Every structure is written in C-alpha cells, then in structure tokens.
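# Predicted model and sequence below, questions to follow.
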Amino acid sequence: MSEAPAVVYLVDDDGGVRKALTRLIGSAGYRVEAFDSARAFLGRAHDRNCPACLVLDVQMPDLSGLDLQHELNAADSMLPIVFITGHGDIPMSVRAMKAGAADFLTKPVRDADLMGAIERAIARAIQNGSEKAERDAIHRRIDSLTAREREVMALVVAGRLNKEVAAELGTVEKTIKVHRARVMEKMRAASLADLVRMAERVNFRGTAGK
C-alpha cells in the first residue's frame, strides 16, 4: 500500500450528517469521500492502493447499508465497514457483524467512539492489504512452477517422503530431490515448514497456481 493518507468513504443520505462527519473525520488527517447514497458509492471508482474503510448509514432509500454490505461481500471486497444508524436494533447489528462489519454504532455517535472505530477499521484494512500482498506473491511463485514441480510440491507439503513421492509419480528419488530443490528455490522457502505455511496460506492443491 502507498503512504498516501488513509481514505474514509462516508455514505449517508443526510446532508447535515455528511457535512459534520466529513469535517470531523478530515480533522483527524484522513481523506474523506462522501456519498449521498449507496448506489453513488458503487458507481465511483475507488483507490485500492491505500488503506480505506467505509462509514455507512444503515437506513437509506433505494439501497440500504446492509444491502450495500451484501453487494460488497459478493464482490469479495475487503473494505472494513463501520455502520452508523439511528434505527438500529440488536438483530440488525448481529446481522451486520456476522457479515463482517468492523463496528456498529448508534446515532447520535460520540466523536471519540466513531474515531476509535475508524482507527480500528483502518488498521484492519492495512492488515488485509498486507495479507493480500503476501497471497498474491505466493500465487506468482506457484505460477512459476512447472506442472511436475506443482505435483511434487503438493505431495511434499502433504508430508510424503522423497521415496514416496517418487513411487507415486513413477520416477526415481534422485529426480524428486532435484524437483524438490527447484520448488524450494522458486517458492523462496527457507524450510519445509515455510513451504507448508505458504501452501496453506493460499489453499494450494497442486493442480494450478490459483
């Protein structure tokens, strides 16, 4: 991620609330992009190169905050969401949190509570970004393996010994040792445990890089 200021996307159909929250959030050093509806937010291209979170009103005409959360989840968005609502109830908050919301606050929201929730959401976004970058790097390394090297890697991380891998693939142990060494080098794995961790990180099964 870049070193640009973190972005807080704000979606609320109340103009007064948008203005007040934009001023509050901006005063903390965040870059704020405000929208008057969920559809306006969905129609805007968003910067994926800096940490961001979404401060989202629940009750809005046309497309509710929970509906927007559903659409973002369907698109595999990792954007942490802080819900704010004047009409919240326990079932609604439970639904939002189960769907991955970072926080759920009831209006009138105390400034300190909102800023604390945003700070935690941005921290989550940074962590998500780091984890995605790691997974992407692992995928690229796997993509660099030959088909046979992927087969060897799959059997090695499953705990098979070189002689067992050789027997399963119909070759000799010496050849497997060569393939295994190439796998370790291409994957930049310092140890077998490191290779296993990377395989688990991307749910590697051996048939393809992704």
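Nice, thanks for sending it over. Just so we're clear, the structure is a prediction, and the values are computed from it rather than from any experiment. Numbering: from 1, shown residues only.

# Mark out where each domain of the protein begins and ends.
As assigned by automatic domain parsing, the chain contains the domains 7-129, 144-201.

# residues in contact with the closest residue in space to L145 that isn't next to it in sequence?
For L145, ignoring the flanking residues on the chain, the nearest one in space by C-beta to C-beta, 6 or more residues apart in numbering is K186 at 5.8 Å. C-beta here means a position set from N, CA and C on the backbone, and glycine is covered the same way. By C-beta atoms under 8 Å, 6 or more residues apart in numbering, the contact list for K186 reads R141, S144, L145, E149.

# which SS class is the first one?
Looking back up the chat, that one is R141. Three-state call for R141 (DSSP: H, G, I helix; E, B strand; the rest coil): helix.

# count of neighbours near it?
18 (other C-beta atoms under 10 Å).

# so who does it touch?
R141 is in contact with K186, M187, R188, M198, counting by C-beta under 8 Å, 6+ apart.

# What distance do you get for it to E151?
Distance, R141 to E151, using C-beta to C-beta, to the nearest Å: 16 Å.

# Flag the shaky bits of this structure, pLDDT-wise.
Under the criterion pLDDT under 70, the flagged ranges of the chain are 1-4, 47, 88-90, 207-210.

# With just CA atoms, put whatever helix or strand L68 lives in into CSV.
For L68, the enclosing helix or strand under DSSP states H and E is helix 65-74. Below are the C-alpha coordinates for helix 65-74, written out as CSV (Å, rounded to 0.1, in the frame of the first residue of the first chain):
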residue,chain,number,x,y,z
GLY,A,65,-26.5,-0.1,4.2
LEU,A,66,-27.0,-3.8,4.8
ASP,A,67,-27.8,-4.3,1.1
LEU,A,68,-24.6,-2.4,0.2
GLN,A,69,-22.6,-4.6,2.5
HIS,A,70,-24.1,-7.7,0.8
GLU,A,71,-23.1,-6.4,-2.6
LEU,A,72,-19.5,-5.6,-1.4
ASN,A,73,-19.2,-9.1,0.1
ALA,A,74,-20.4,-10.7,-3.1
